[in-house]
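got a predicted model here, sequence first, then my questions.
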Amino acid sequence: MYTVNDTVMYGQSGVCKITDICDRKFGKETHRYYVLQPVHDPNTTIYCPVDSDKISMRRLLTADDVFSLIREMPNEIGTWIENDGQRKEAQTEILRRGDHRELIRMIKTLYFKREEVQSRGNRFHQADERAMAEAEDILYQEFAAVLDITPEEVVPFITGQIEKQA
């Protein structure tokens with residue numbers, strides 16, 4: 001059970017603060033809801049049922065978890081899926097699950113594939129670009145919240161940490 005003022009990851013909405021826990025009537029029945037406010041979109045309010053087993057809400061990583069993931073990033077290797085439909089399906093599932101290592105592998109794979117495609121003078125597939133941006137947003141929002149930096153500072157922070165260990 002979460003409490004008011006807890007900061008959580010909520011599905012693909014990202015880092016949210018629980019601003020209230022209340023009873024609300026949506027439709028015919030009244031249920032208890034967490035009232036969430038996305039950290040990077042303070043004008044949005046999300047009502048998440050307290051008793052739903054379908055929600056994807058969890059506590060944020062710890063700083064130690066983030067540093068551990070950063071240390072392991074150079075060793076993460078993803079696999080490129082040639083078939084556009086299968087690749088999109090795999091990306092959608094990774095984004096839905098929000099597993100940090102899978103997100104890192106996906107970002108790295110898409111980044112290197114984009115570099116390869118662009119070096120040949122071709123355009124990178126827009127669906128892959130969107131998937132990479134969404135994965136980066138999910139990961140960088142959480143890293144930023146845990147490390148108390150802005151999302152824009154995450155990549156330079158990661159790069160600096162990786163350079164220190166090289």
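That came in fine, so what should we check first?

what are the buried residues along the helix or strand where residue 17 lies?
Using DSSP states H and E, residue 17 sits within strand 14-26. Of the residues in strand 14-26, those buried by neighbour count under the rule 16 or more other C-beta atoms under 10 Å are 14-18, 21. For glycine as for every other residue, the C-beta is placed from the backbone atoms N, C-alpha and C.

swap in stretch 123-135?
Buried residues in stretch 123-135, defined by neighbour count with 16+ other C-beta under 10 Å: 125, 128, 131-132, 134-135.

residue 80 touches residue 111, doesn't it?
No. Contact criterion C-beta atoms under 8 Å: residue 80 and residue 111 do not qualify, at 11.4 Å.

the longest helix in this protein is where?
If you go by DSSP state H, the chain has its longest helix at helix 126-147.

can you give me the angle it makes with strand 14-26?
Comparing the axes of helix 126-147 and strand 14-26 via axes from the mean of the first three to the mean of the last three C-alpha atoms, to 10 degrees yields an angle of 90 degrees.

residues touching helix 126-147, excluding its own?
The list of residues contacting helix 126-147 from outside it, by C-beta atoms under 8 Å, 6 or more residues apart in numbering, reads 7, 9, 12, 14-15, 39-40, 60-63, 65-66, 84, 87-88, 91-92, 94-95, 98, 100, 103-104, 106-107, 110-111, 113-114, 149-151, 153-155, 157-158.

the same query, at a cut-off of 6 Å, please.
Helix 126-147 has contacts (C-beta atoms under 6 Å, 6 or more residues apart in numbering) with 9, 14-15, 60-61, 63, 66, 88, 91, 95, 103, 106-107, 110, 150-151, 154.

need the buried ones from those residues selected in PyMOL.
The command below creates a PyMOL selection of those among these that count as buried (16+ other C-beta under 10 Å):
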select buried, resi 9+14+15+60+61+66+88+91+95+103+106+107+110+151+154
